[in-house]
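**Q** Compute the structure for the input listed below.
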Amino acid sequence: MDSHCLQISMEAHKVVPPPRKSTLVKLRDRLKETFFPDDPLRQFKDQPWQRKLVLGAQYLFPVLQWSPNYSLSLFKSDIVSGLTIASLAIPQGISYAKLANLPPIVGLYSSFVPPLVYAVLGSSRDLAVGPVSIASLVMGSMLRQEVSPSGNSLLFLQLAFTSTFFAGLFQASLGILRLGFIIDFLSKAILIGFMAGAAIIVSLQQLQSLLGIRHFTKQMGLIPVMSSVFHNTHEWSWHTIAMGFCFLVLLLVARHVSMRKPKLFWVSAGAPLVSVIISTLLVFAMKGQNHGISIIGKLQQGLNPPSWNMLHFHGAHLGLVIKTGLITGILSLTEGIAVGRTFAALKNYKVDGNKEMMAIGFMNVVGSFTSCYVTTGAFSRSAVNHNAGAKTAVSNVVMSVTVMVTLLFLMPLFQYTPNVVLGAIIVTAVIGLIDIPAACNIWNIDKYDFIVMLTAFLGVIFISVQQGLALAVGLSIFKILLQVTRPKTVMLGNIPGTDIYRNLDHYKEAVKRPGFLILSIEAPINFANITYLNERILRWIEDYEEEEENIKQQSSLQFLVLEMSAVSNVDTSGVTLFKELKQSLEKKGVELVLVNPLAEVIEKLKRADEGNEFTRADNLYLTVGEAVASLSSAMKGSSSNMEEGTQAIVSHY
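**A** Numbering: from 1, shown residues only. This next block holds a predicted model:
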């Protein structure tokens, strides 16, 4: 065993600093890894300038990549999928516009221009663009806090277009500046809780249409809505309730059929339009408006009118539109990218997140100039588009042309469409946002994430949409701060028969090495956690000494070994931790040993260690096994020398 330890100690590898780089080179490398992890410029390397121009144009306009190889067979698939999603987009566009407290025609405008822009700039083949429920709900609820959509409809519309402009500007800026990591603060747990809460709030808001209530609360919370429902029972209309119940059942059955048999996707895709047609004919034939059934009313014909002259960049409401644009922009961007990546994974192609940010951003900026409000890739429409066999973004063009025909020639047909059917369509669309299996999975994996999800869910339901979202994001950031300020430290032990060292609490067969306290620090060391780490390490030492006293062993602590493989960085304050720790340990007669400090860490330590106190070769090792073997050999060598000296003194006397 001794010879084995000696052999390992002789083969111990040296810890060397990284190759020297200038500050500018380091800054360049750090910026490249932060903002350009995909290295988009690598395709231009060693290419002639003509080819670089072509590649640059294709990068900015992805339509140039696939359009040269476009064929009639692809168009046949795209036209079928485009017509299919148009049948869903028309009733959803009208419904979601009402959800945002906007004129129904704005929902159709938003299903005409943005898809054309996305077809040129977008990189997803399956994303179907248009208004979505979450962004519609948030925009409508935020703007309504300061401006009444019925009392001052023109100002409300102007603020909606201005919010859309700021949403698009923010989204495009994230893509251009490659700052997409900002949206990563909306974790999966937050989104699941937020969307479930929003789905319930959206559904409860539709009780006004489903029950035929004329005087309904303007608030979004669960308690005000239910209070309004039961305080206005005298306004309930049995005609409206009967019609709403029938069409809600029809839509839910159609959705269930398509979920059970994906090949019958056209059943749920066509059900909303069929419901609109049937209900409109019924109301027209029965003169339902005379029996308490609320209808949309006359809608103007024609294509999108320009709206750039309606944008407000000054005045008392500027802060409101910027805030609304920021929140709706983040939410719609998150949904669009998540949906695009989901279907890209199914078809085994890549969606560029930064391109998608720019595409969705420019799409909304152009939309704000053409009477559109916030749009993105909708999950329900994209799922129908995918199942219908869409091959390229031409399906969005087909949908847009279909909506254009509707705007030009078919608008009078929607005059008698009952609002109760639009409410049923919204309920059916948003009910799929409640993902109970995903919530159960989060509970099984991470209880803290479940609390974050529950906070988002309850906050949206009982407080407000934006405050519920803010609370959940705050909890998530608090979790990150806890991980930064309270990094995990564990004690390592040796797996018998090997030179492997693992967590003693995890591997029960692992054993401690006498004279060694081996700790693993599993986070970067910085100003926020040095006090905690110093106190925690000293407490480990005290616990070790107390344990040795209790079992009455003679071996005292001689080495503190810090395994630093997970310490990716250390700042100026972190360097002082090692100096202070070195001084504290010297008073106890304990030597500090560092194992596998990474390149940036060892470089900073060597710069700060002018006296070569804790970065000597005998204080630095590549592995815990090498450190223990080498130091154990040195311990035995020094103890044998002491014994020989003692014997020599005794024999002398």
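**Q** Which residue ranges of this protein form strands?
**A** Using DSSP state E, the strands of the chain run over residues 129-130, 376-377, 489-494, 501-503, 516-521, 559-563, 591-595, 620-621.
**Q** Please work out which of these is packed deepest.
**A** Mean neighbour count (mean count of other CB atoms under 10 Å) peaks for strand 129-130 among those, with a mean of 33. No exception for glycine: its C-beta is placed from N, CA and C like everyone else's.
**Q** Around residue 500, how many other residues sit close by?
**A** 15 (other CB atoms under 10 Å).
**Q** So it versus residue 494, what's the distance?
**A** In this structure, residue 500 and residue 494 are 7 Å apart, going by CB to CB, to the nearest Å.
**Q** Tell me the predicted confidence for residue 164.
**A** Per-residue pLDDT puts residue 164 at 97.
**Q** That one is in contact with residue 322, isn't it?
**A** No - taking CB atoms under 8 Å as the definition, residue 164 is not a contact partner of residue 322, at 12.0 Å.
**Q** For these two, indicate the residue with more neighbours.
**A** Remark: of residue 164 and residue 322, residue 164 carries more neighbours, 33 against 17, as counted by other CB under 10 Å.
**Q** Excluding sequence neighbours, find me the nearest residue to that one.
**A** Nearest in space to residue 164, with sequence neighbours left out and distances taken as CB to CB, 6 or more residues apart in numbering, is residue 368 at 4.2 Å.
**Q** same check, this time on residue 211
**A** Among residues not flanking residue 211 along the chain, residue 236 sits closest, at 5.0 Å (CB to CB, 6+ apart).
**Q** What about that neighbour? Give its phi and psi, please.
**A** Phi and psi for residue 236, reported as degrees, to the nearest 10, are phi -60, psi 140.
**Q** count of neighbours near it?
**A** 16.
**Q** Would you mind putting the strands of the chain into CSV with mean pLDDT alongside?
**A** What follows is those, written out as CSV (pLDDT from 0 to 100):
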stretch, mean pLDDT
strand 129-130, 93
strand 376-377, 91
strand 489-494, 92
strand 501-503, 91
strand 516-521, 92
strand 559-563, 93
strand 591-595, 91
strand 620-621, 89
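**Q** Which stretches in the stretch 151-300 of the chain count as helices?
**A** 153-176, 188-205, 207-211, 222-231, 238-260, 265-286 (DSSP state H, counting those that start in this stretch).
**Q** Would you indicate which residues of the first one are buried?
**A** In other words, helix 153-176. Within helix 153-176, the residues scored as buried using 16 or more other CB atoms under 10 Å are 155-172, 174-175.
**Q** Distance from it to the middle of the chain?
**A** 21 Å (CA atoms, centre = their mean, to the nearest Å).
**Q** coming back round to it: and of the strands of the chain, who's closest to residue 413?
**A** Shortest separation from residue 413 across these is recorded for strand 129-130, at 19.9 Å, computed as CB to CB.
**Q** quick one: contacts of the closest one?
**A** For strand 129-130, contacts defined as CB atoms under 8 Å, 6 or more residues apart in numbering pick out 89, 92-93, 110-111, 114-115, 118, 122, 363, 375-378, 381, 396.
**Q** Tell me which strands it pairs with, and in which orientation.
**A** In the sheet, strand 129-130 lines up against strand 376-377 (antiparallel) (DSSP bridges).
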